[in-house]
Every structure is written in structure tokens, then in C-alpha cells.
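**Student:** Quick one, fold the following:
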Amino acid sequence: MTRTTGELVSLTALAKRQRGVLLTRQAIDLGWTPSRLNRLLRRDGWTQVRRGSWAEPGLAVDRMVRLRAIQLAHPRLVASHGTAAWLHEIELPWTTTAGEPGLEFTAPAPASTSLALPPRDRVHRASLAVDATAYVAGIRVTTVTRTLADLLRSSPREEALVAVESAVSIRPLRADPRAHRPAFTHLGAVATALESGPRRGVRMGRASLRLADRRSGSPAETVARLRIHDAGLHPEPQAHVRPPGGRRLSVDFLFRAEGVAVEIEGYAYHGDRAAHDRDVRRFNELTLCERIRRSLRFTAIDVYRRPDAMIEEIRRALALARG
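**Tutor:** Numbers count the residues shown, from 1 in each chain. Predicted coordinates:
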């Protein structure tokens, strides 16, 4: 074993302790010159995550690796907003944006340094109490309630409410959609966090939070409810109905007077064939309920890409039911 290989082994050991990430400045502190370090790392298959940071050979540079590299280089940064929601497994709206989303951090005020992060990555500067942070997978991150309060203050209404309703309700697990995790918090705690943090954006956050409904079952359902509300239509969410001789069922949206039911397919993948069969049987059972005269079914793509067509179809069904 040559001296150079032995030194690379020590750098590999350092990277492994840091979950696969090595900073150039750490190697320089150990006596390496930048030019020699870069040459040998590239030769041995290391990947440059961003300027000044490397991923060990075989490690895929994904969003988590990028996050680790930035926080390792800037320990004062706290993952926040959409990035914190992702780490907590709080759902956000479905997006058609190509590529991996950027990363968001909060730098506890006052921040004395200027950070050279990629354009798609953002740094928010705000006060941040110690009890407003936690650790998820080794990353320092804002707590669930502080994350939701930040999104309510600064994000579009749909994005903020999808996150809030995801956090305060029971949802399928990211790793296994057939299993479910409990609610992370409740609406009262979110309201308290909103009022106790920065004042900027609080009024907008309050207005959004008033529309929150913990009964929502998916991001698409949340966005659909908001689209229907904006259209001046106000169905009963998660209404209970019962087919003849059957078990009680819950309908995503029910216009009870007209007998029009609206179902939103919030998750693109049913899990398996049996789950798909159960879903079909459930829809058929809904059509047998005495209170339901017409049933409409929309996909997440309808909600996000074709909301006007969805609303028009609902209006048409309501008009036919009344006629």
C-alpha cells in the first residue's frame, strides 16, 4: 500500500463518519493540497457534490447527500420550509417541475456571513429558538410545528395547507403506502407556532389556517377542496353514507341536497391488485346509496392540471341533479 492510498483510506473513514460526505477544507486541514486532492479523488471515483464537498465512491448524489454536504459546510444552517417538510415526511403538492427540487434553510439571525449556495437553494434569515429545532436522520431541522408555521407565513395557500393537513391527519407511509402513520401534531399547536414566531406573513398564515381541515385524505383532496371552495361551491367533506345492507362509507365531497358525490383519487398507485379491486367495489357501493344520485371521480392530474374542467363537470352534474 502506497502512502497516498493510505491517506485516502483515512479520508474515506472520515467521510463514512459523515455519512459519505467529505469537505475539501477538512482534507486541507489534514495537509492535502487542493490540486492533488482533486486529482486523486477523481481518480478513485469520488463525486463532487458541490464546490468544496465530495461524495465517496458508490454513493448516489441525491437530495439527502446534497443536504448533508451543505449543512456540513455551514453548521449554523437549519433545514426548513419545504426541505424540513420533506425530512419530516410531511406531504407537499404534486409538482410537474423537472429535476430535483431545491433545498431551503433558515440561518438563525443575525447571520454574519454571505452563503454561496446554488441559485435553486434558498436561505431564510429569521430568529430561531433552540426548541424550534430537532434532528432527523442526522440533519438539524425545524420542528414540525415551526415548519408548518413557516410554510403558512411564506408559501402559496395550497402548498401550506397541503402540508398542514398532511401533518394533522393519518396518512400512508412513504416507504409503504399500505401502512399508515399517526398525525404529527394538531391544528391548535400549529396556530400557537404561527403566533409565536416571526410576525411577517402571520396575517396570510391565519387566513390559510382557517381553511384547514384535518379530515383531508391526500394532497390532491386538499387542493380539490380549495378549488371547489374558490368556485363558490361548498360540499360536505368526508360525508358519511351507507349503502343498503352495507357498511358506512365516507365520501370525499358530498353535495347532499343534490345527491352528487365527488371522489378524488389522491394516490396514483393502489399498492396491488387486491387494493385496486377494493377501490372499485367501494365506488360501486357508493352508487347504491340512496342519498347519492350521481358520482364523479377525478384523478390528481385532473385536480392539478385541469381544475377548470373539474369544476365545470361538477357544476354540470349539480345542474342535472337539480333539473
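**Student:** What ranges does the stretch 1-150 of the chain have for its helices?
**Tutor:** 3-17, 24-29, 34-43, 63-73, 81-88, 144-154 (DSSP state H, counting those that start in this stretch).
**Student:** do the same with the stretch 201-323 of the chain
**Tutor:** According to DSSP H, counting those that start in this stretch, the helices that the stretch 201-323 of the chain contains are 202-209, 219-230, 273-287, 300-305, 307-322.
**Student:** Could you check the angle the last one makes with helix 219-230?
**Tutor:** Using axes from the mean of the first three to the mean of the last three C-alpha atoms, to 10 degrees, the inter-axis angle of helix 307-322 relative to helix 219-230 is 70 degrees.
**Student:** now helix 307-322: how far from the chain's centre is it?
**Tutor:** Distance of helix 307-322 from its chain centroid, counting by C-alpha atoms, centre = their mean, to the nearest Å, is 30 Å.
**Student:** can you pull the buried residues of that helix?
**Tutor:** By neighbour count on 16 or more other C-beta atoms under 10 Å, the buried set for helix 307-322 is 307, 310, 311, 314, 317, 318. From N, CA and C alone the C-beta is placed, and that goes for glycine too.
**Student:** circling back to that earlier point, what's the closest of the helices of the stretch 201-323 of the chain to residue 50?
**Tutor:** helix 219-230 (29.9 Å; C-beta to C-beta).
**Student:** Which strands or helices does the closest one pack on?
**Tutor:** helix 157-167, strand 249-255, strand 260-265, helix 300-305, helix 307-322 (3 or more C-beta pairs under 8 Å, 6 or more residues apart in numbering; DSSP states H and E).
**Student:** Now do the lowest-mean-pLDDT helix or strand in the chain against strand 249-255, angle only.
**Tutor:** The weakest-scoring helix or strand in the chain, judged by mean pLDDT, DSSP states H and E, is helix 273-287 (a mean of 73). Comparing the axes of helix 273-287 and strand 249-255 via the same axes, to 10 degrees yields an angle of 50 degrees.
**Student:** can you dump the C-alpha coordinates of helix 273-287 into PDB?
**Tutor:** The C-alpha trace of helix 273-287 is given here as PDB (Å, rounded to 0.1, in the frame of the first residue of the first chain):
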ATOM      1  CA  ARG A 273     -54.300  -5.700  -7.500                       C
ATOM      2  CA  ALA A 274     -56.300  -6.500  -4.300                       C
ATOM      3  CA  ALA A 275     -56.200  -2.800  -3.300                       C
ATOM      4  CA  HIS A 276     -57.400  -1.800  -6.800                       C
ATOM      5  CA  ASP A 277     -60.300  -4.300  -6.600                       C
ATOM      6  CA  ARG A 278     -61.300  -3.000  -3.100                       C
ATOM      7  CA  ASP A 279     -61.300   0.500  -4.600                       C
ATOM      8  CA  VAL A 280     -63.600  -0.500  -7.500                       C
ATOM      9  CA  ARG A 281     -66.000  -2.300  -5.100                       C
ATOM     10  CA  ARG A 282     -66.100   0.800  -2.900                       C
ATOM     11  CA  PHE A 283     -67.000   3.100  -5.800                       C
ATOM     12  CA  ASN A 284     -69.800   0.700  -6.900                       C
ATOM     13  CA  GLU A 285     -71.100   0.600  -3.300                       C
ATOM     14  CA  LEU A 286     -71.300   4.400  -3.300                       C
ATOM     15  CA  THR A 287     -73.500   4.400  -6.400                       C
END
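**Student:** which outside residues touch that helix?
**Tutor:** The contact list for helix 273-287 (C-beta atoms under 8 Å, 6 or more residues apart in numbering) reads 178, 241, 243, 246, 249, 251, 261, 263, 270, 292, 295, 297.
**Student:** These: which two are farthest apart?
**Tutor:** 178 and 292 (27.5 Å).
**Student:** quick one: terminal-to-terminal distance for stretch 207-226?
**Tutor:** 13 Å (C-alpha to C-alpha, to the nearest Å).
**Student:** What mean pLDDT does it get?
**Tutor:** Mean pLDDT, stretch 207-226: 95.
**Student:** my guess is residue 236 meets residue 254, correct?
**Tutor:** Yes. Applying C-beta atoms under 8 Å, one finds residue 236 in contact with residue 254, separated by 4.8 Å.
**Student:** any idea how this structure splits into domains?
**Tutor:** As assigned by automatic domain parsing, the chain contains the domains 3-58, 74-209, 219-322.
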